[in-house]
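Asker: need a 3D model of the following:
(one chain, ligands or ions: 2)
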Amino acid sequence: MTKVVHKFGGSSLSSAERYQAVAQIVLSHCRAGDCVVVSAAGKTTNTLVKLWESYQQDDSQGFSDILLQVENHQAELIRALFESQQQHTLLEQLDLELQRITSHAKQDTLHEATLLAHGELWSARLLACYLSQLGFAAEHVDARNLFTLHHGQLLHQQNKQACMERLKDTSLYVVTGFIASDVEKNTVTLGRNGSDYSATLLASYIDADAVSIWTDTQGVFSTDPRKVANAIKYPKVCRAQAHLLARLGNPVLHAKTLSPLKHSKIKLQVRSSFDVESPPTEIVKEGYSKAKRFITTFEDLDLVRVDAIAPGEVGQLSQIIQHSIHHFSAQGETFILVPAQSTHRVLKALSGRANIVESALQGFAVVAPSANIAQLQAQAAQLLHEQNIVVRFNHKDNEYALFLTDQAIDSDVLAILHDKLVNKGRELAVVIAGLGNVGEVFVNQCQRQVAHLQQQFDVKVVALLRSKKMLFSANGISLSAWQQQWQNESVDYNNEDLIERIGELDYEHKVVIDITASEEFSKLYPQLVKQDCHLISANKYAGTAESTWYQQLREQLNERSLHWRYNTSVGAGLPINFALADLQHSGDKVTQIEGVFSGTLSWLCSSFDGSKPFSSLVLEAKDMGYTEPDPREDLSGRDMQRKLLILARDIGLTLDLADIELEPLMPDDLAQGSWDEFLARKGELDSFYEHLYQQGITQDKVLRYTGSLQVFASGKAKAKVGIAYVDKSSAIANLTPGDNIFVIKSVWYEDNPLVLQGPGAGKEVTAAGVHSDLYWLVQRLK
Ligand SMILES: NC(=O)c1ccc[n+]([C@@H]2O[C@H](COP(=O)([O-])OP(=O)(O)OC[C@H]3O[C@@H](n4cnc5c(N)ncnc54)[C@H](O)[C@@H]3O)[C@@H](O)[C@H]2O)c1
Ligand SMILES: N[C@@H](CCO)C(=O)O
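Answerer: Numbering: from 1, shown residues only. Ligands and ions are numbered 1, 2, ... in the order given. Now for the predicted structure:
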């Protein structure tokens, strides 16, 4: 049976709602025998540290104020989570513990680690009791009975035995993070944020298969995503880089977390307890992931020179100050970076062997593949110079370059550094679905286009999909020989496989280009977004799906800062969506859109002169690649109705297909049945059209198929697609066959409308339009 250790940090347990959310995660992800390691709720450890400081300073007023704060927070959690009897018992227990703390303080026998341990003990007890209240068998376990240290060294054999004896498969165990005991049964801590370490230690002792670190970010990012909106979430990070980031003080993983996994097969992942659906970042063994680029920032550090440092001494110092300390050698000397507020303790511990070189430093480190470091260091120096930021110290190591500065690296500067130093090295994986009329042309154009994009961005086509077969190559498909490769290597697939393989792609960015006409494929979009894929669609189904589904997709994309381009879904390569977006963003308000939005119907209506049956023109349009796979989608007006809906939504209207009146250009009953059945009855279509055509002649007008959308001052809208008889001299009557025309009125274009006209269907122009969307995306990601 597989065993998993889950770890929830303080931010995941900061309120009663968060406990409830964590309990739901446990219910859906855990079973008996698994362990859940918890940190102290919210900022409890910080508050307990303050409590300790007030005790040391003999500040009895401060002490009782902070203790009251602790009590209020815990009591609030208990009251919100538990029903009467249980609530009463837990409040009584809490009261006893707080009384004990007060009496130890009074007797001057308070012990730091024992005091800090309360945070984790309370979290474990509350979560286990809450899970039991929900009917899930859970026990809270004090890790001081599992982990013993002697002279700072873990007694692995003894601990393993204790874990194996205590943690059977009968229940879920909620174990305290951060704390352990020494051989005299005194409480000791494993270092600040040591709960990650507790989780991996525990996993190694109980031979677990995996550790999930649940946190408040969606995984490991290229830089702090709260400061840089386009920080890149990495699906995989290798252990060495994760360890280096931790040593540099990056908070995503604690420095010791990885050591228990060193020679094990235990999998480690970092994922969000706030967004359970978001795919995790896996921390993988060397060779299972490419080295990535990161920027990690520093605040308020002192640079300290140390005469000589003994093995393990940095770890001991980190333990004393409850913070990781980075150390390195430069020009034959040893340096450590210490949080300024703890420097005095470190200097005291090093008793005369260290002195401060520079104090109150800010800065950052760029972590990257070693081959890039020298160049990145030079670029970073130049960028800092341009930003007038003075560098007080810099250092280059094999896998990182460090800059210590006077000024803080604020989010604006960090965004610039990130764009120039991290984004440059990024890769974009491209998945192309639909190798039909447009898709084949698109892939064939790709070779030249990708080479063009490559100058700015590393773009790789990794998958080509037809409805049943796919060619998938995570390292990239050779575009000059894709047909050959398709013949030799394409395989059957199902959607589940596909999503899984896309999820595993080790790229900074991924885009799925949907050139299918498949509603089923469009239904995969939410799952693709969960795998952090940008989307480009020629397919119109997602853009015209039912409003709630569509809105949810939009929200999901926004939450993950992902882009969705779909310019070719209306007007093929014509930049209609760009134009509308531009007007709206510049503050204009579109009041009316009229015109011909179907290349097929434009071509059919303009080409028909009675010399050939209408149905033979339909077949010609199909052969030219103008029509939808089933041309009845065009003739029914449905395709044009979809396009008008996409435009309506683009200008902010909340409409559905049913809100757009539709008049078909074919007899209703021909819409049913197979394409062959339709062909057998094509005479009915011919007479239907002939009749309409003659009506135009009688009126001295011409028959066209048009659409219109009007937006009223009230915000209401009226939309319709259908048959129209227009003056022979009008622009619509004189369109080049196949052209679309969009006549847009707005507040600014009131009397003299904005007109966009050009080919509205065709494989080449559409494929070119998809390339334009891809180019836009690359520019945006750059
Ligand atoms: N033809 C045009 O001028 C034009 C213009 C703009 C937009 N479009 C849109 O582009 C899309 C493609 O048009 P087309 O003319 O190339 O159609 P097509 O029928 O020639 O090609 C569609 C391809 O998608 C494949 N496919 C279907 N379901 C799939 C799935 N689930 N997974 C992967 N592949 C799947 C089919 O096997 C087929 O090869 C349509 O949505 C269409 O509306 C076409
Ligand atoms: N069948 C569509 C293709 C472009 O979406 C048309 O003719 O307009």
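Asker: burial of residue 372, as a residue count?
Answerer: Residue 372 has 18 neighbours, counted by other CB atoms under 10 Å. For the C-beta atoms, the positions are set from N, CA and C on the backbone; glycine is no exception.
Asker: now it: how far from residue 414?
Answerer: 19 Å (CB to CB, to the nearest Å).
Asker: got it, and residue 83?
Answerer: Relative to residue 414, and taking CB to CB, residue 83 is found at 47 Å.
Asker: between these two, which one's more packed in?
Answerer: Using other CB under 10 Å as the criterion, residue 83 and residue 414 rank with residue 414 on top: 19 against 8.
Asker: check which helix or strand covers the more buried one.
Answerer: Counting by DSSP states H and E, the element that carries residue 414 is helix 411-417.
Asker: for that helix, give me every contacting residue.
Answerer: 223-224, 227-230, 295, 297, 364, 366, 380, 383, 387, 389, 409 (CB atoms under 8 Å, 6 or more residues apart in numbering).
Asker: what comes up buried for stretch 204-219?
Answerer: Of all the residues in stretch 204-219, those buried under the rule 16 or more other CB atoms under 10 Å are 204-206, 208, 210-215, 217-219.
Asker: one more: stretch 376-383?
Answerer: For stretch 376-383, by 16+ other CB under 10 Å, it's 376-377, 379-380, 383.
Asker: quick check, pLDDT for the residue lying closest to residue 574 once chain neighbours are set aside.
Answerer: Of all residues beyond its chain neighbours, the one nearest residue 574 is residue 758 (5.1 Å), with distances taken as CB to CB, 6 or more residues apart in numbering. We have a pLDDT of 96 for residue 758.
Asker: okay, and the beta partners of residue 758?
Answerer: Residue 758 forms beta bridges with residue 740, as assigned by DSSP bridges.
Asker: surely it meets residue 742?
Answerer: No - Residue 758 is beyond contact range of residue 742, at 9.7 Å (criterion: CB atoms under 8 Å).
Asker: what's the overlap in contacts for those two?
Answerer: 571, 574.
Asker: what about those two, which has more around it?
Answerer: A count of neighbours by other CB under 10 Å puts residue 742 above the other of residue 758 and residue 742, at 25 against 19.
Asker: mind listing what the more buried one touches?
Answerer: 571, 574, 576, 579, 593-595, 597, 755-757.
Asker: over to residue 478?
Answerer: residue 485.
Asker: residue ranges with poor pLDDT in the chain?
Answerer: Low-confidence segments of the chain, defined by pLDDT under 70: 192-193, 424-425.
Asker: in it, which residue sits furthest out from the middle?
Answerer: Each residue of the chain has a distance to the centre, and by CA atoms, centre = their mean the biggest one is for residue 698: 60.1 Å.
Asker: any idea how far it is from ligand 2?
Answerer: 28 Å (CB to the nearest ligand atom, to the nearest Å).
Asker: quick check: that residue vs ligand 1, distance?
Answerer: 33 Å.
Asker: re earlier: need the contacts of residue 742 in TSV with secondary structure and neighbour count, can you?
Answerer: Converted to TSV, these look like this (DSSP: H, G, I helix; E, B strand; the rest coil; neighbours: other CB atoms under 10 Å):
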residue	secondary structure	neighbour count
571	coil	32
574	coil	24
576	helix	27
579	helix	17
593	strand	26
594	strand	18
595	strand	27
597	coil	28
755	strand	12
756	strand	17
757	strand	18
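Asker: would JSON lines of those residues with distance to residue 119 be doable?
Answerer: Shown next, in JSON lines, are the contacts of residue 742 (distance: CB to CB, whole Å):
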{"residue": "571", "distance to residue 119": "60"}
{"residue": "574", "distance to residue 119": "61"}
{"residue": "576", "distance to residue 119": "58"}
{"residue": "579", "distance to residue 119": "57"}
{"residue": "593", "distance to residue 119": "60"}
{"residue": "594", "distance to residue 119": "66"}
{"residue": "595", "distance to residue 119": "65"}
{"residue": "597", "distance to residue 119": "62"}
{"residue": "755", "distance to residue 119": "67"}
{"residue": "756", "distance to residue 119": "62"}
{"residue": "757", "distance to residue 119": "68"}
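Asker: what parts of the stretch 551-700 of the chain come near ligand 2?
Answerer: 572, 598-600, 626-628, 634, 639 (CB under 6 Å from any ligand atom).
Asker: make it 8 Å
Answerer: Neighbours of ligand 2 within the stretch 551-700 of the chain, by CB under 8 Å from any ligand atom: 568-572, 597-603, 621, 626-628, 631, 633-634, 639-640, 643.
Asker: likewise for the chain?
Answerer: 538, 540, 568-572, 597-603, 621, 626-628, 631, 633-634, 639-640, 643, 740, 760-761, 766.
Asker: which strand residues bridge residue 173?
Answerer: Beta-bridge partners, per DSSP bridges, of residue 173: residue 35, residue 139.
Asker: how many residues are close by the closest residue to ligand 1 within the stretch 251-400 of the chain?
Answerer: Of all residues in the stretch 251-400 of the chain, residue 279 sits closest to ligand 1, at 21.2 Å by CB to the nearest ligand atom. Residues near residue 279, counting by other CB under 10 Å, number 20.
Asker: for the buried ones among the residues of the stretch 551-700 of the chain next to ligand 2, write the corresponding PyMOL selection.
Answerer: Restricted to buried positions by 16+ other CB under 10 Å, the PyMOL selection for these reads:
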select buried, resi 568+569+570+571+572+597+598+599+600+601+602+603+621+626+627+628+631+633+634+639+640+643
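Asker: just the residues of the stretch 551-700 of the chain next to ligand 2 that are near ligand 1?
Answerer: 568-569, 572, 599, 626-628, 633, 639.
Asker: quick check on residue 588: phi, psi?
Answerer: Main-chain torsions, residue 588, degrees, to the nearest 10: phi -80, psi 170.
Asker: ok, so what distance separates it from ligand 1?
Answerer: 26 Å.
Asker: correct me if wrong: that residue contacts residue 745.
Answerer: No - shown here, residue 588 and residue 745 do not form a contact pair, counting by CB under 8 Å, at 10.4 Å.
Asker: without its sequence neighbours, what residue ends up closest to whichever residue of the stretch 601-750 of the chain sits closest to ligand 1?
Answerer: Going by CB to the nearest ligand atom, ligand 1 is nearest to residue 629 of the stretch 601-750 of the chain, at 3.5 Å. Spatially, and ignoring its direct neighbours in sequence, residue 629 is nearest to residue 517 (5.0 Å; CB to CB, 6+ apart).
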